[in-house]
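S.K.: Sequence and predicted structure are below.
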Amino acid sequence: MLLLKNISFSYLEGKMVIKNLNLAIEKGQHVALLGESGCGKSTLLKLIYGLKDLDGGEIYWNDKQVLGPAYHLVPGMDEMRYLAQDFDLMPFTSVKENIGKYLSNFYLKEKEHRINELLALVDLVEYADVKVKNLSGGQQQRVAIARVLALEPEILLLDEPFSHIDYSRRSLLRRNLFAYLKEKGITCVVATHDSIDALSFADETIVLKDGELIDMGETKDVYDFPMNRYVASLFGEVNELFISDFTSTFDEDELLLIYPHQLMLSKQKGQIEVEVLDSYFKGDGYMIKTFFNEDRVVFFDHPFDIEKGSKIKLALKKFQ
Ligand SMILES: Nc1ncnc2c1ncn2[C@@H]1O[C@H](COP(=O)(O)OP(=O)(O)OP(=O)(O)O)[C@@H](O)[C@H]1O
């Protein structure tokens, strides 16, 4: 289990970047770390790996305390691997030498077998002998992913692992990688801006804001019941509407956070009247931008575009 007990950290005196953070992650779990840019995701991964000394608190992987550079000549624990945003590869050596960097030369056959297995996982078999400096950014990122897996860590810390990889390859790589980690029982924490990393692949999601952990739970719960607009907006557009906007039958009003796919065109009761401002093609349909009550923009998903200026009625899908 990964245990963070009330940890705090600052780069500069007086400016806390991680604030009194507590966290427990069970072995084999995949956890997504979400939050706006600058909220402390990368810093948190570095602290877990032991690259920085904590100002306060303690971190444990199983029963072993993670200690920072003040206690270790070479930072980082053997049981962990950390993939930074700048992949830190050796540019003048080949892909396979980079992947095998941490593998022992004592068992050459095993080493070669392991490198080939990882080359296949990240789909770089035909690039095995190419120098890393001659690869694209996305290809280099795939080499870096293979390299952190080489020694089969117990826990993997990934900072935006697919950020340079094009969308089509990203889907396949992501499926293969997370299936591989599950099969091997490797715990994984992924800092990401891509909500699909969380929604499709993370058992649990953690949300950071200004260095504080503000939400944590099963990913589906964090998505379905976002605690506030900040959390919901990490998954895409979100609308803020009130129960009283739809109906006057409830005594107490309540703010609703509604994703665009939860609204639909309706002619029945319980709807809001909006004016269409724009339609954006998304591939599988359109995102329609509308104006409600002359003060709020409301987005909803629709199979077709709708003419600008149209007056339409929207209802909540779950009440239809
Ligand atoms: N080496 C550093 N020295 C001083 N401040 C730093 C340093 N690295 C990061 N910070 C600051 O710490 C805060 C958290 O940065 P961090 O990189 O952890 O955020 P992040 O959530 O990973 O952002 P992003 O999503 O953009 O990668 C930011 O305010 C940043 O400016």
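M.R.: Cool, got the structure. Computed from a predicted structure; not experimentally measured.

S.K.: Quick check: bridge partners of Asn239?
M.R.: With DSSP bridges applied, the residues forming beta bridges to Asn239 are Ile258.

S.K.: which residues touch it?
M.R.: Residues in contact with Asn239 (CB atoms under 8 Å, 6 or more residues apart in numbering) are 257-260, 263, 296, 298-300. For every residue, glycine as well, the C-beta is placed using N, CA and C.

S.K.: Any stretches of the chain with poor pLDDT?
M.R.: Across the chain, the ranges flagged by pLDDT under 70 are 269-270, 319-320.

S.K.: gap between the most far-flung residue of it relative to its centre and Ile243?
M.R.: Going by CA atoms, centre = their mean, the residue of the chain most distant from its centre is Thr249, 39.7 Å out. For Thr249, the distance to Ile243 equals 9 Å [CB to CB, to the nearest Å].

S.K.: Rebuild the contacts of Asn239 as CSV, extending it with distance to the ligand.
M.R.: Compiled in CSV, those are given as follows (distance: CB to the nearest ligand atom, whole Å):
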residue, distance to the ligand
Leu257, 22
Ile258, 26
Tyr259, 22
Pro260, 24
Leu263, 30
Arg296, 28
Val298, 28
Phe299, 24
Phe300, 29
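
S.K.: how about the residues of the stretch 51-200 of the chain that lie near the ligand?
M.R.: Proximity of the stretch 51-200 of the chain to the ligand, by CB under 6 Å from any ligand atom, involves no residues.

S.K.: need the strands for the stretch 51-200 of the chain, in chain order.
M.R.: For the stretch 51-200 of the chain, the strands defined by DSSP state E, counting those that start in this stretch cover 56-61, 64-65, 80-83, 155-159, 187-191.

S.K.: What lies in contact with the fourth one?
M.R.: Meaning strand 155-159. In contact with strand 155-159 (CB under 8 Å, 6+ apart) are residues 2, 41-42, 45, 48-49, 61, 79-85, 145, 148-149, 181, 186-191.

S.K.: Selecting buried members of the residues you listed in PyMOL, what would you type?
M.R.: Burial among these is assessed by 16 or more other CB atoms under 10 Å; the matching PyMOL selection reads:
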select buried, resi 2+41+42+45+48+49+61+80+81+82+83+84+85+145+148+149+181+186+187+188+189+190+191
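
S.K.: ok, back up a step: and of the contacts of Asn239, the nearest to Ile99?
M.R.: Within those, proximity to Ile99 (CB to CB) peaks at Tyr259, which comes in at 40.3 Å.

S.K.: Quick check: phi and psi at that closest one.
M.R.: Per-residue torsions, Tyr259: phi -80, psi 150 (degrees, to the nearest 10).

S.K.: burial measure for it, as a count.
M.R.: 18 (other CB atoms under 10 Å).

S.K.: quick one, what contacts the residue lying closest to it once chain neighbours are set aside?
M.R.: Ranked by CB to CB, 6 or more residues apart in numbering and with sequence neighbours excluded, the top spatial neighbour of Tyr259 is Val238, at 5.9 Å. Applying CB under 8 Å, 6+ apart, we find Val238 in contact with 226, 229, 232, 257-259.
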